[in-house]
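Chemist: Predicted model, plus sequence, below.
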Amino acid sequence: MGSMQQFLVEDHARLDDLLERTIQDDDRIDHEVYKEFRRGLLRHIAMEEKVLFPTVQRLKGGTAVPLTAKLRLDHGALGALIMPTPTLSLIKFIGTILDGHNALEEGPEGVYEQCEQVAEGARENILQRLQAVPPVMVADFSDSLTVVATIRRIWMRAGYSTESLEFPVVDQHPR
């Protein structure tokens, strides 16, 4: 059946591939591939937030695995960043953030390995629950000034700067 870590790492690879395929050779954005990436990213976040992290925390007597708080901030920030219509800079920034985020989760010292160790007898059940997480409903893109302000606020709280990002902003106050 495999391990929880293997399942989640393979999903990272699938998402990385989708994000890479989003940008075409001529720097065009393939919006259909990006939509698939968004759906997959939100499902992956749901697997961790609704199944893995709370289950392992419960198994640890209420104590979270180290770095879980940082990962949750990243999840919120990534969820916010995929709200507007994608630009090349947004997609590249998402990729950069995911590289660092995934490194915290994967590998012999990563969060997934720590979860595997805590879960011992419950691994198969947790894996089945992770695999059973349904697709997540994804809202249409929103390019409002409110969304951009929210993204900036969430990203700053997570420790990232959005100064160099290009946001496709809709003027909400036409003259």
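Modeler: Done, it's in. Residues are numbered from 1 along each chain as shown.

Chemist: use CA for all of it now, contacts and neighbours both
Modeler: OK.

Chemist: helix, strand or coil for Glu109?
Modeler: With DSSP: H, G, I helix; E, B strand; the rest coil as the basis, Glu109 sits in coil.

Chemist: And it, how close does it get to Arg72?
Modeler: 18 Å (CA to CA, to the nearest Å).

Chemist: Pick out whichever of these two has more residues nearby.
Modeler: Arg72 (16 against 11; other CA atoms under 10 Å).

Chemist: May I ask which helix or strand encompasses that one?
Modeler: Per DSSP states H and E, Arg72 falls inside helix 68-81.

Chemist: next one: that helix to chain centre, how far?
Modeler: The chain centroid and the centroid of helix 68-81 are separated by 7 Å under CA atoms, centre = their mean, to the nearest Å.

Chemist: Repeat that for stretch 55-66.
Modeler: 21 Å.

Chemist: Residues touching that stretch, excluding its own?
Modeler: Here stretch 55-66 makes contact (CA atoms under 8 Å, 6 or more residues apart in numbering) with Phe53, Pro54, Val111, Gln114, Cys115, Val118, Ala119, Ile126.

Chemist: Tell me which two in these are the farthest apart.
Modeler: Within the contacts of stretch 55-66, two members stand farthest from each other by CA to CA: Val111 and Ile126, at 14.9 Å.

Chemist: circling back: now flag whichever of the contacts of stretch 55-66 is closest to Thr150.
Modeler: Among the contacts of stretch 55-66, and counting by CA to CA, the member closest to Thr150 is Phe53, at 25.2 Å.

Chemist: so what secondary structure elements neighbour the lowest-mean-pLDDT helix or strand in the chain?
Modeler: Every helix and strand in the chain was compared by mean pLDDT, DSSP states H and E; the lowest is helix 145-157, with a mean of 83. Secondary-structure packing of helix 145-157 (3 or more CA pairs under 8 Å, 6 or more residues apart in numbering; DSSP states H and E): helix 68-81.
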